[in-house]
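Trainee: Return atomic coordinates for the entry below.
(one chain, ligands or ions: 1)
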Amino acid sequence: MNDVKKIFDLINNSHNICIVGHKAPDGDCIGSVMALYSFLKPLKKNLTVCIDGIIPFNYRDFVHEGIIAEDISGDEFDLVFILDCSDVERLGKFRTVLDSSKVSVCIDHHKTNESYATINIIEPSMSSTGELLYDILKASGQEITRETATYIYVAILTDTGKFSYSSTSSETHRKAAELIELGVDVAVVDNAVYNSKPSNVVKAFIECIGSVELYYENRLGIASITQGTLERNNVDMGDIDGVAEFIREIREVEVSCVLKEYEERLTKVSLRSKNDIDVSSVSVKFGGGGHAKAAGFEIADTVENTEKLIIDTFKEYFGEQ
Ligand SMILES: [Mn+2]
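Mentor: Below you'll find the predicted structure:
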């Protein structure tokens with residue numbers, strides 16, 4: 001709470017304020033960044049918003065046209081907010097922002113967060129950065145508009161898997177209820193986020209799902225998103241979401257994995273766990289991070305070799321094939 005007061009003093013004393021999310025943004029990142037932007041807008045500050053990477057199509061309705069800065073080199077900031085980002089590397093091309101800002105504030109819920117900012121508010125018990133941000137914004141006493149509430153709702157809804165992951169607490173639901181009282185239209189948000197996929201994106205998704213291979217008596221499921229799939233269907237990597245969650249729906253699957261082929265020798269690995277296996281500790285071993293049930297890392301190798309590495313890594317959990 002002391003930190004929260006400090007943050008609002010900092011906001012009052014700053015003019016040039018930057019808000020940054022992580023690269024390859026998800027709903028929590030975009031919702032939180034936009035919520036803070038819309039909250040600060042009436043204060044007449046000079047606001048800059050940075051997110052490295054394409055905004056997935058289903059969040060484009062929530063991001064004002066032209067709001068994301070292309071390049072901030074040469075800009076100086078009094079204050080930067082970094083949201084939902086566990087390490088500096090995940091800032092992507094905007095990682096220089098830490099050097100060009102007098103003070104930095106990190107607000108995050110990843111337990112692997114490296115506390116790299118001047119002020120770090122890290123709450124791993126929170127379902128989402130959006131939920132944590134809501135507590136902070138509420139503590140300011142300033143009005144939370146329907147627009148700000150909607151952004152926060154998007155962040156919470158998506159990072160809890162529609163209020164289904166174990167990180168969803170009774171408090172999460174209470175806050176969601178408050179957001180609805182502030183005017184959030186849950187059906188409009190649901191349609192925008194979940195029922196708005198173009199047909200080529202769904203076809204690409206089906207191709208990825210079809211690639212699934214199961215190991216260790218179906219306890220480990222691995223699917224891949226290859227450049228071939230993206231090209232054939234004319235979609236971007238960021239458009240395909242939820243493959244790992246879908247594979248996890250298989251009854252016996254304990255851990256699901258998606259291998260994303262960014263380059264011939266650059267594969268990003270997303271891991272999802274159903275019960276007790278902590279996939280963030282697996283990811284940290286390979287230089288990544290995340291949560292116990294959702295984590296990831298990248299490997300400078302092909303999809304095929306990365307798949308072998310994953311199968312090998314999970315021998316420790318699942319025994320011999
Ligand atoms: Mn998050």
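
Trainee: Contacts only, for the closest residue to Ile67 other than its chain neighbours.
Mentor: Leaving aside its sequence neighbours, Ile67 sits nearest to Val49 (CB to CB, 6 or more residues apart in numbering; 5.3 Å). Using the backbone N, CA and C atoms, a C-beta is placed for each residue, glycine as well. By CB atoms under 8 Å, 6 or more residues apart in numbering, Val49 lies in contact with 18-20, 33-34, 37, 67-69.

Trainee: Phi first, then psi, for Val49.
Mentor: phi -120, psi 130 (degrees, to the nearest 10).

Trainee: beta partners of it?
Mentor: For Val49, the beta-bridge partners under DSSP bridges are Ile19, Ile68.

Trainee: Going by secondary structure, the closest residue to the ion within the stretch 1-150 of the chain is in what exactly?
Mentor: For the stretch 1-150 of the chain, the residue closest to the ion is Asp28, as judged by CB to the ion, at 3.4 Å. Here Asp28 sits within helix 27-40, counting by DSSP states H and E.

Trainee: Just the buried ones from the contacts of Val49?
Mentor: Among the contacts of Val49, those buried by neighbour count (16 or more other CB atoms under 10 Å) are 18-20, 33-34, 37, 68-69.

Trainee: Quick one: the residues you listed as TSV, columns for pLDDT and distance to the ion too.
Mentor: Formatted as TSV, the buried ones among the contacts of Val49 follow (pLDDT from 0 to 100; distance: CB to the ion, whole Å):
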residue	pLDDT	distance to the ion
Cys18	98	19
Ile19	98	15
Val20	98	14
Val33	98	11
Met34	98	14
Tyr37	98	17
Ile68	93	18
Ala69	92	22
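
Trainee: can I get the CA coordinates of the helix or strand where Ala177 lies in CSV?
Mentor: Per DSSP H and E: Ala177 is located in helix 170-181. Listed next in CSV are the C-alpha coordinates belonging to helix 170-181 (Å, rounded to 0.1, in the frame of the first residue of the first chain):
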residue,chain,number,x,y,z
SER,A,170,-13.4,-15.6,-4.7
GLU,A,171,-11.8,-12.2,-4.8
THR,A,172,-11.3,-12.5,-8.5
HIS,A,173,-15.1,-13.1,-8.9
ARG,A,174,-15.9,-10.2,-6.5
LYS,A,175,-13.8,-7.8,-8.6
ALA,A,176,-15.4,-9.1,-11.8
ALA,A,177,-18.8,-8.4,-10.2
GLU,A,178,-17.7,-4.8,-9.4
LEU,A,179,-16.4,-4.4,-13.0
ILE,A,180,-19.8,-5.5,-14.3
GLU,A,181,-21.4,-3.0,-12.0
